[in-house]
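# Sharing a sequence plus its predicted fold:
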Amino acid sequence: MAYRATVRTDIDPQPRSPDVAPYRVPPMEPASFTDLEEQVIALARTDRLGSIEKPGRLERMVTKLFGLNSERRALADPRLETLRRAIVVAHHRHHLPDMQAAELREAGFSVAQIRAIETKALSA
């Protein structure tokens, strides 16, 4: 086996001095939400999964036939709407998909907040 003959033995590992601490991951900051975000989280847990999708052809026909009001209104603030959609999806699918987590990150939520959002959505 030719590859075994090419092992380098001239590498001298430098011993670590006792005063140098190994690298540690810094602790994550605690996740905090505003009162408005907490209200959105609480309300989104009661929304159904269909509230984030466009109505289908059959649903549009039935609502028009019976004169029902089926307008699905998004929240005015895009950041809060992203939060609501993520909570609804996580609550009904029992996990937070990567796409929703990426949207939350783009909306300005921290990693700690995204983890808290996932646990809040799944705990209810």
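Received, thanks. Numbering: from 1, shown residues only.
# Output the below-cut-off pLDDT ranges for the chain.
1-28, 70-72, 124 (pLDDT under 70).
# Show me where this protein has its helices.
35-44, 57-66, 78-93, 98-106, 111-123 (DSSP state H).
# how about the ones you listed, which one is nearest Gly50?
Smallest distance to Gly50 across the helices of the chain (C-beta to C-beta): 8.3 Å, for helix 57-66. Where C-beta positions appear, they are placed from N, C-alpha and C, glycine not excepted.
# ok, the residue nearest the centre of the chain - contacts?
The centroid of the chain falls nearest to Ala101 when counting by C-alpha atoms, centre = their mean (2.9 Å). Residues near Ala101 by C-beta atoms under 8 Å, 6 or more residues apart in numbering: Ala86, Ile114, Glu118.
# closest one to Ser51 among the helices of the chain?
helix 78-93 (6.3 Å).
# measure the closest residue in space to Leu49 that isn't next to it in sequence to Arg115 for me?
Once flanking residues are discounted, Leu49 sits nearest to His92: 4.5 Å by C-beta to C-beta, 6 or more residues apart in numbering. Using C-beta to C-beta, to the nearest Å, one gets 19 Å for the distance from His92 to Arg115.
# and if you look at Ala90?
11 Å.
# So those two - more neighbours on which side?
Ala90 (22 against 15; other C-beta atoms under 10 Å).
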